[in-house]
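Trainee: Next comes the sequence, and after it the predicted model I'd like to discuss.
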Amino acid sequence: MVVISPVIESTRRLWIASPWGGWCLQSTDQALLRLDWQGTQFLAAPDCSSQPETELEHQAVALLHRYFQGERVVFDHLPLQLTGTPFQQSVWRSLASIPYGETRPYQWLAQQAAKPKAARAVGGALGRNPLPIILPCHRVITSAGGLGGFMSGRGADALALKEGLLSLEGIALGAAGGRLTVFSKG
């Protein structure tokens, strides 16, 4: 369920460890707001708690831990509160329909948003995705099968994370005729 409204309630920040470093989950009592990768930092950020307080936090943490262990996890029952332009929200909603272990090109998301020539704008929306993994922007690749970008402005570490998440889901990128080809799990 996606609830789109301004953030009014007090928020909490919760530290979550993963094989690729830490994540900080921001939430209210009613919805998840953000999931921010802290890079390859494995120590908890000082402004993040390490203990979930609400039922929603317990659910989100349990699902994320299962995901990081390689389990096929569906996040679609978690309430999300997203703030963005109508186009960004359309792109983010479409992300939720990309199944675990599969990828889609930027162009596909542009078509889903009824803007078939807006593949670059889709990339911009993905770079502003407030809940990566939960809204799986890592499953979006170029039409040629390349990684494309990930977490706008985060550089090579973020691309390594994207490749790691795809690998976790059984998606391998391999060279074929000078192009990257995507192979999805069976």
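Mentor: That came through fine.
Trainee: What is the least confident helix or strand in this structure?
Mentor: Every helix and strand of the chain was ranked by mean pLDDT, DSSP states H and E. The lowest is strand 179-183, at a mean of 41.
Trainee: list the contacts for the residue positioned nearest the centre of the chain?
Mentor: For the chain, the residue whose C-alpha lies nearest the mean C-alpha position (Cα atoms, centre = their mean) is residue 132; its distance is 1.8 Å. Contacts were defined as Cβ atoms under 8 Å, 6 or more residues apart in numbering; by that measure residue 132 touches 35, 37, 138, 151. Backbone N, C-alpha and C define where each C-beta goes, glycine included.
Trainee: Between which two of these is the distance greatest?
Mentor: Among the contacts of residue 132, the pair separated by the greatest distance (Cβ to Cβ) is 35 and 138, at 12.0 Å.
Trainee: Which of those two has more residues huddled nearby?
Mentor: A direct count of neighbours by other Cβ atoms under 10 Å for residue 35 and residue 138 places residue 138 higher, at 27 against 21.
Trainee: Confirm that one sits in a strand?
Mentor: No: assessed with DSSP: H, G, I helix; E, B strand; the rest coil, residue 138 is helix; it does not lie in a strand.
Trainee: Not counting sequence-adjacent ones, nearest residue to it?
Mentor: Spatial nearest neighbour of residue 138, chain neighbours left out: residue 165 (4.3 Å); criterion: Cβ to Cβ, 6 or more residues apart in numbering.
Trainee: And residue 170, how far from residue 135?
Mentor: As judged by Cβ to Cβ, to the nearest Å, residue 170 and residue 135 stand 20 Å apart.
Trainee: Likewise for residue 65?
Mentor: When Cβ to Cβ is the yardstick, residue 65 and residue 135 sit 18 Å from each other.
Trainee: neighbour count winner among those two?
Mentor: Just comparing residue 65 and residue 135: by other Cβ under 10 Å the higher neighbour count belongs to residue 135, 25 against 14.
Trainee: secondary structure class for the residue nearest to the centre of the chain?
Mentor: From three-state DSSP, the assignment for residue 132 is coil.
Trainee: what pLDDT does it get?
Mentor: If you check residue 132, the pLDDT there is 94.
Trainee: repeat for residue 147
Mentor: Residue 147 is assigned a predicted lDDT (pLDDT) of 84.
Trainee: any idea how far residue 103 is from it?
Mentor: The gap separating residue 147 from residue 103 is 10 Å, by Cβ to Cβ.
Trainee: And residue 156, by the same measure?
Mentor: Relative to residue 103, residue 156 is positioned 20 Å away (Cβ to Cβ).
Trainee: For those two, indicate the residue with more neighbours.
Mentor: residue 103 (21 against 7).
Trainee: Many thanks, I have nothing further to ask.
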